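Visitor: all I have is the shape, not the residue letters:
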């Protein structure tokens, strides 16, 4: 084993064949046992979003991005990608990257960073994306299957990566769950977590120790370059989808949207991002199960069930209007808390028991993986977080099944109407003005009880968010409290129809959808829903001819929807 060195730099200019490790083709990786089914379906995340910006300049692109996500990027189901233990030989660590015989493993989030940086560092020099796509297509044609290890594994150390050991989001989402694979009596080795920098915060060690007491004293953090002749590690299926064929993985296309954002097995980086926001790592499900088991039987009644999460971090980005908002929330039974004041197990219990958790965008939302399925998690963000960070926490709601709503406000800058230049980083602070605060409180009140909303447009957005988060009780209460609007607004008619359909009451649902179509006459998806409803009932579809006349270019899409529905009915 070599001595560590300072932060490392990779040689990004080598061709894909010599840069990316190919499981089942390149030597040095074996699975510990035959591969299981490497992905599975799970209920999709209950995710909603709306603009609470006071400025049309920001409201329009926010609402456009939200609509594009739900129409173009959202899968039909959530996906769970499995992570399996592997034996590696000839492993070299380069910061938080793992290389087997000098080729880098693409696994989980580290694999995504490899793909992105391989593109960025070659931009203007060569078409690295095209070369990668061509190489991965050759791998898929080979349909490789990683070999199975037939030797002993006792005493082998477990070597994994971490982007860093000071950011709670990255460590909890990407690294902590990997320890589930060695959390058993049969593992007798040491655990080495390799980071880009050797900056390990105490709270990271606390999470490791409290989640995995069996591993106490055996988990070590390292940085720089190291070598391991033979060790245990992990292989995640997200990138294996692009490096393997149907023998290892198949069928994901059936869950994907029929849009240009999804390119199947073509390793397009936009498509990879869409896959990431619609999926989670199976190890996060195991981590959640482990954490909830650890808090069973504990005394947690002192913990609040409605709370706003404040910040003590030295990286804090103060939210303008936070004090006014928290004063109003305290009148609704909320308490201001700081995750830093609670132990890891207390944080798990807070989320598992929460009715409503709120904060502005930050790493603490990673705790959503421990939330109860009825918990509402409400995030206040900006156009910047909408465009670049909204997807960060989508996997966590697939894990827990909680209700996750993002309300995008304005920027805490000198001229909020103008705002800053919108880039992916650094993150700008949030400004929640009086109009935005009123809208946030409307949404909270709609969740907790009765609310009167006079703005028809905002009423429709609140109802849409309740529908997307599947809070049927709150949605029905809201519609019942606004009967005139509910029978005048086509969007509210559709939401009421959805409530009927959830109760398998198709007749009134169809009447409402017909009325919504008559009120709009320009929504092809609505016409297609009516045709699908008729097909499901085995009735004639009088709308089919109208669809052919109005939307001939959507005929193939409608036929795919019909075939998919009939397959699911068996």
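Guide: Arrived safely, thanks for sending. No experiment lies behind these values; they were computed from the predicted model shown.
Visitor: which residues of this structure score low on pLDDT?
Guide: Applying pLDDT under 70 to the chain picks out residues 1-8, 314-316.
Visitor: how near is the residue nearest to residue 311 when sequence neighbours are not counted to residue 548?
Guide: Leaving out its chain neighbours, the residue that sits closest to residue 311 by CB to CB, 6 or more residues apart in numbering is residue 362, at 6.6 Å. For every residue, glycine as well, the C-beta is placed using N, CA and C. Residue 362 sits 50 Å away from residue 548, going by CB to CB, to the nearest Å.
Visitor: residue 376 contacts residue 468, correct?
Guide: No: in this structure, residue 376 is not within contact of residue 468 by CB atoms under 8 Å, at 12.0 Å.
Visitor: between those two, tell me which one has more neighbours.
Guide: A direct count of neighbours by other CB atoms under 10 Å for residue 376 and residue 468 places residue 376 higher, at 27 against 22.
Visitor: and the gap between that one and residue 392?
Guide: 18 Å.
Visitor: where exactly do the helices run in the stretch 351-500 of the chain?
Guide: All helices of the stretch 351-500 of the chain, identified by DSSP state H, counting those that start in this stretch, fall at 383-388, 394-400, 434-448, 456-468, 472-481, 483-486, 490-502.
Visitor: for residue 292, find the nearest of the ones you listed.
Guide: Closest to residue 292 of the helices of the stretch 351-500 of the chain, according to CB to CB: helix 394-400, at 9.9 Å.
Visitor: which one's more surrounded, residue 362 and residue 548?
Guide: A count of neighbours by other CB under 10 Å puts residue 362 above the other of residue 362 and residue 548, at 22 against 12.
Visitor: how close does the more buried one get to residue 417?
Guide: Per CB to CB, residue 362 is found 25 Å from residue 417.
Visitor: do the same with residue 274
Guide: 33 Å.
Visitor: neighbour count winner among the two?
Guide: Set side by side, residue 274 and residue 417 show more neighbours around residue 274, with 23 against 12, by other CB under 10 Å.
Visitor: that's a helix at that one, yeah?
Guide: Yes: assessed with DSSP: H, G, I helix; E, B strand; the rest coil, residue 274 lies in a helix.
Visitor: distance check, it against residue 79.
Guide: Distance of residue 274 to residue 79, computed by CB to CB: 11 Å.
Visitor: what's around residue 252, how many residues?
Guide: Other residues near residue 252 number 21, with proximity taken as other CB under 10 Å.
Visitor: show me the contacts for it.
Guide: Taking CB atoms under 8 Å, 6 or more residues apart in numbering as the criterion, residue 252 is in contact with 39, 79, 241, 264, 275.
Visitor: returning to what we had before: hmm, the residue nearest to residue 311 is touching residue 310, no?
Guide: No: Residue 362 is beyond contact range of residue 310, at 10.1 Å (criterion: CB under 8 Å).
Visitor: which residues in the stretch 301-450 of the chain form strands?
Guide: Taking DSSP state E, counting those that start in this stretch as the criterion, the stretch 301-450 of the chain carries its strands at 306-309, 335-337, 356-360, 376-381, 403-408, 410-411, 430-431.
Visitor: and those strands, which is most packed in?
Guide: Mean neighbour count (mean count of other CB atoms under 10 Å) peaks for strand 403-408 among the strands of the stretch 301-450 of the chain, with a mean of 27.
Visitor: hey, what's the angle from that one to strand 376-381? Just curious.
Guide: 20 degrees (axes from the mean of the first three to the mean of the last three CA atoms, to 10 degrees).
Visitor: so what strands line up beside strand 403-408?
Guide: strand 46-51 (parallel), strand 376-381 (parallel) (DSSP bridges).
Visitor: how's the chain carved up into domains?
Guide: 16-38+82-250, 41-80+283-448, 455-520, 521-570 (automatic domain parsing).
Visitor: got the contact list for residue 27?
Guide: Residue 27 neighbours (CB under 8 Å, 6+ apart): 89, 101.
Visitor: for it, pull up the helix or strand it's in.
Guide: Using DSSP states H and E, residue 27 falls within no helix or strand.
Visitor: phi first, then psi, for it.
Guide: Here is the backbone geometry of residue 27 (degrees, to the nearest 10): phi -80, psi 150.
Visitor: now do residue 265
Guide: Reported as degrees, to the nearest 10, the phi and psi values for residue 265 are phi -90, psi 0.
Visitor: that one: how many residues sit nearby?
Guide: 21.
Visitor: and it, how far is that from residue 421?
Guide: Counting by CB to CB - residue 265 and residue 421 are separated by 36 Å.
Visitor: pull the residues that contact stretch 144-155.
Guide: 22-25, 29-35, 86-87, 186, 188-189, 232, 235, 243-245, 247-248.
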